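>>> Need coordinates for the following:
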Amino acid sequence: MKRLLARTPRSALQAGMLVVAASLYAAVRSTTPLVWNDSVTLSILSEAVPGLDRFDGPALWATLEEAFATPAREGYRPLSVFLAGAGMRYFASGGEIFNWAFPVGVVIALCILALYATARRLGCSAVFAALATLLVVASSPFVASSWVIVAGIQAIVPLFICASLLAYWRLADSGYRSVALHVALLALFIAGPWFREFIGVSPLLVGLLDLLTRRRPTAVTLIAALGFLHAVYPGWIVQPFVATAPLLPVYEMGFLGGRLSADVGVQVSALGRSVAQAEFVTAQLLVLLPSTVLAMLALAPAARALPRGRDVVFLLAWTIASLLPFFRVYTQETHLLYPLVPLAILVGLAAQALWHAAARAGRLATPARFVLGAALLTGAADQALNYPNSVQLVTAINDGMQRAAERIRHSVPRGSAIVGNALHLEDLRWLSGGHFVPYWTVESGVPRSRVEAGQALLTPERLAGLFRASPDAVYLLDMDYDFLPGKRAYHAHRFVHREGIVTRKLWTLDAIRVSYPFADPLKNAVPRPLTGVLFAPDLENDFYRGRARSGAPFMREVYVTYTLYRVIRVDS
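Residues are numbered from 1 along each chain as shown. The predicted structure is shown next:
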């Protein structure tokens, strides 16, 4: 076996490992149906877009043209929009999940390799680079986002950033003489922002790296400046070829534009929320590996071995650049993946320095290494548990939603209106075969087309109007759990047990209730709001997630209870 491996070219071995990893991912991903927001997008587009089931050359070309011609609601992300549109066509035509998930698995495998190579280049040894990579790819933001395979592939973001850095280092190794690598760097800078706006940080990082390395403006500086200009105005180079492509800056389009365009009064009132958000994000990052972080902080003063130098300065700048959007733009845990990449490499460098320093601690060398090794193994084991835990949770949630959808289908007439208080009501409609019309008592996170169609009912008057139009076909689905105090007022069902609304209870179903373990002992003390999301990221407010309610140590729980009511009378 060793002789065979020795004779096999390294590139062939890497390609083989890539295929195995992608196949494994696709096999696991194909065990469950599409999740939000792949599922909700397919559910809505299947009824709104004629011919969506055409997955052929002309249809895909039309999808590509449309993606580059106009900004989507999220912003100008033409490549991401094209992949989503192609994916919707593929699944609407009856495509199998495995076949689509395999190339997504290739992207994820390439991301893992790029993360490892980046950590190695920034000073981590093989072992500690592997540790840093594990901390990222087994983290709850990475694992949860990996279930979404059409509407957005989060692994593309760290892949493009790390690929840009690796391309620069290859260029440096060539003495900055390779024209092909200059072109490759520019190509990465152009393609990246067409997937996600945040990838526009790549030219800034490469420019900083070049400045720290050569301390003067160079051709790479020019390429980085052009790349960043393109990230700010992503439609400019398209506009000569597609007349309707936008000329607006990225901060005036889509989701990012909406976040940043608030008037002065709103901005001032948002300052307190921004500070609170920064505190919350910091806490979330710390509780990913509490025992590891605590042990390293305890040993650092004694060892005086924390890493220093140009690489650390670069990693700190990368971390700060990744955290800044949380003040005004990002709110979901899944976006913690972006700052987690440089932070994990910093943890790897610090752990490596402490490990070597412990060897020089004389009589304390053995206990110091034991404490650090135990903390690192605990953190790695705790992160690794996210994989089976996530599979268990997503499987249980999908099975539970399927049971609830079947129960609804046999309980209400087709075409009835069901008013629920959780986003995955759209999933229930899809799983029931479009058996009912969904309405929500929340608006945040509800598909925009549903809100524009008047399907977000935030007041009793709106419910009364719906009831007057269909007095025999209005139902309330209470999707209930022990809400956090700050979430109950908005996310709990606002019409159940409300004065003036008379209902008749039909049934209660405990369809989703699952417990799962964790390994880090300090996580027994982590506050419930900081519990990581291991299922579809957008559904973070749809289910209870926190310590097991039985009080069992080293266990967490996810659950929701469905109760269906028929509306008898609404006093208006």
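>>> which residues of the stretch 1-150 of the chain score low on pLDDT?
Of all residues in the stretch 1-150 of the chain, those with pLDDT under 70 make up the ranges 1-10.
>>> where do the strands sit along the stretch 351-500 of the chain?
Per DSSP state E, counting those that start in this stretch, the stretch 351-500 of the chain carries strands over the ranges 416-420, 436-440, 474-480.
>>> what mean pLDDT does stretch 516-529 have?
Over the span of stretch 516-529, the pLDDT mean works out to 90.
>>> could the strands of the stretch 351-500 of the chain be laid out in TSV, adding mean pLDDT, mean neighbour count and distance to residue 456?
Using the backbone N, CA and C atoms, a C-beta is placed for each residue, glycine as well. As requested, these are exported to TSV (pLDDT from 0 to 100; neighbours: other CB atoms under 10 Å; distance: least, CB to CB, whole Å):
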stretch	mean pLDDT	mean neighbour count	distance to residue 456
strand 416-420	97	23	10
strand 436-440	96	23	5
strand 474-480	97	23	15
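>>> would you list these in a markdown table and tack on distance to residue 49?
Rendered in a markdown table, the data for the strands of the stretch 351-500 of the chain read as follows (distance: least, CB to CB, whole Å):
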| stretch | distance to residue 49 |
| --- | --- |
| strand 416-420 | 23 |
| strand 436-440 | 18 |
| strand 474-480 | 27 |
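>>> wait, which of these is closest to residue 208?
Within the strands of the stretch 351-500 of the chain, the stretch nearest residue 208 is strand 436-440; the backing value is 44.5 Å (CB to CB).
>>> which helices and strands sit right next to the closest one?
Using 3 or more CB pairs under 8 Å, 6 or more residues apart in numbering; DSSP states H and E as the contact criterion, the neighbours of strand 436-440 among helices and strands are strand 416-420, helix 425-431.
>>> Including distance to residue 162, could these go into a markdown table?
Listed next are the helices and strands packed on strand 436-440 as a markdown table, based on distance: least, CB to CB, whole Å:
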| stretch | distance to residue 162 |
| --- | --- |
| strand 416-420 | 41 |
| helix 425-431 | 33 |
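>>> Tell me which of the ones you listed lies nearest to residue 102.
Counting by CB to CB, residue 102 lies closest to helix 425-431 out of these; the figure is 23.9 Å.
>>> domain ranges for the chain?
Using automatic domain parsing, the domain parsing of the chain gives 9-251, 272-384, 388-570.
>>> follow-up on the earlier one: residue 397: which of the helices and strands packed on strand 436-440 is closest?
Closest approach to residue 397 among those is made by helix 425-431 (9.2 Å; CB to CB).
>>> Is residue 88 within a helix or a strand, and which one?
helix 78-92 (DSSP states H and E).
>>> Contacts for that helix, please.
Contacts of helix 78-92 with the rest of the structure, by CB atoms under 8 Å, 6 or more residues apart in numbering, involve 34, 38, 41-42, 45-46, 52-55, 59-60, 63-64, 66-68, 72, 97, 100, 149-153, 156, 191, 194-196, 238.
>>> Apply 7 Å and report the result again.
Outside of helix 78-92, the residues that reach it under the criterion CB atoms under 7 Å, 6 or more residues apart in numbering are 34, 41-42, 45-46, 52-55, 59-60, 63-64, 67-68, 72, 100, 150-152, 191, 194-196.
>>> coming back round to it: which one of the strands of the stretch 351-500 of the chain lies nearest to residue 544?
strand 474-480 (9.3 Å).
>>> How far away from the center of its chain is that closest one?
Here strand 474-480 is found 28 Å from its chain centre; the criterion is CA atoms, centre = their mean, to the nearest Å.
>>> do the same with stretch 181-200
If you compare the mean C-alpha spot of stretch 181-200 with that of the full chain, they lie 20 Å apart, counting by CA atoms, centre = their mean.
>>> Report the buried residues of stretch 235-246.
Residues of stretch 235-246 classed as buried by neighbour count (16 or more other CB atoms under 10 Å): 235, 238, 242, 245-246.
>>> Could you identify the most distant pair in those residues?
Within the buried residues of stretch 235-246 (distances taken as CB to CB), the two that end up farthest apart are 242 and 246, at 9.8 Å.
>>> between the helix or strand that comes right after the helix holding residue 88 and helix 78-92, how big is the angle?
Next helix or strand after helix 78-92 toward the C-terminus (DSSP H and E): helix 97-121. Using axes from the mean of the first three to the mean of the last three CA atoms, to 10 degrees, the interaxial angle of helix 97-121 with respect to helix 78-92 works out to 150 degrees.
>>> packing partners for helix 97-121?
Helix 97-121 sits against helix 10-29, helix 126-137, helix 156-173, helix 337-358, with contacts defined as 3 or more CB pairs under 7 Å, 6 or more residues apart in numbering; DSSP states H and E.
>>> mind running it again at 6 Å?
Helix 97-121 makes packing contacts with helix 10-29, helix 126-137, helix 156-173 when contacts are defined by 3 or more CB pairs under 6 Å, 6 or more residues apart in numbering; DSSP states H and E.
>>> what is the orientation angle of it with helix 156-173?
Going by the same axes, to 10 degrees, helix 97-121 makes 40 degrees with helix 156-173.
>>> What ranges does the stretch 301-450 of the chain have for its helices?
Along the stretch 301-450 of the chain, the segments classed as helices by DSSP state H, counting those that start in this stretch run 310-323, 337-358, 365-384, 386-409, 425-431, 448-452.
>>> Any chance of those helices in CSV with mean neighbour count and mean pLDDT as columns?
Formatted as CSV, the helices of the stretch 301-450 of the chain follow (neighbours: other CB atoms under 10 Å; pLDDT from 0 to 100):
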stretch, mean neighbour count, mean pLDDT
helix 310-323, 17, 90
helix 337-358, 23, 88
helix 365-384, 18, 86
helix 386-409, 19, 96
helix 425-431, 24, 96
helix 448-452, 13, 92
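>>> For these, could you give me CSV that also reports distance to residue 213?
CSV is the format used below for these (distance: least, CB to CB, whole Å):
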stretch, distance to residue 213
helix 310-323, 8
helix 337-358, 17
helix 365-384, 31
helix 386-409, 36
helix 425-431, 50
helix 448-452, 45
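>>> Restricting to C-alpha, output the helix holding residue 88 in PDB.
Below are the C-alpha coordinates for helix 78-92, written out as PDB (Å, rounded to 0.1, in the frame of the first residue of the first chain):
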ATOM      1  CA  PRO A  78     -25.300  37.600 -10.400                       C
ATOM      2  CA  LEU A  79     -23.400  34.400 -10.000                       C
ATOM      3  CA  SER A  80     -25.100  33.500  -6.800                       C
ATOM      4  CA  VAL A  81     -28.500  34.300  -8.300                       C
ATOM      5  CA  PHE A  82     -27.700  32.200 -11.400                       C
ATOM      6  CA  LEU A  83     -26.700  29.200  -9.300                       C
ATOM      7  CA  ALA A  84     -29.900  29.600  -7.300                       C
ATOM      8  CA  GLY A  85     -32.000  29.900 -10.400                       C
ATOM      9  CA  ALA A  86     -30.400  26.900 -12.100                       C
ATOM     10  CA  GLY A  87     -30.900  24.900  -8.900                       C
ATOM     11  CA  MET A  88     -34.600  25.800  -8.700                       C
ATOM     12  CA  ARG A  89     -35.000  24.700 -12.300                       C
ATOM     13  CA  TYR A  90     -33.100  21.400 -11.600                       C
ATOM     14  CA  PHE A  91     -35.200  20.500  -8.600                       C
ATOM     15  CA  ALA A  92     -38.500  21.600 -10.200                       C
END
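>>> Could you say which one of the helices and strands packed on helix 97-121 comes nearest to residue 222?
Shortest distance between residue 222 and those, using CB to CB, is found for helix 156-173: 13.4 Å.
>>> Please work out the angle formed by the directions of the closest one and helix 310-323.
Between helix 156-173 and helix 310-323, the angle comes out at 150 degrees (the same axes, to 10 degrees).
>>> now what about the next helix-or-strand element following helix 156-173, what contacts it?
Proceeding N to C from helix 156-173, the next assigned helix or strand is helix 179-191, under DSSP H and E. With contacts defined as CB atoms under 6 Å, 6 or more residues apart in numbering, helix 179-191 is touched by 163-164, 167, 170-171, 203, 223, 227, 230.
>>> So which of the strands of the stretch 351-500 of the chain is nearest residue 539?
strand 474-480 (10.7 Å).
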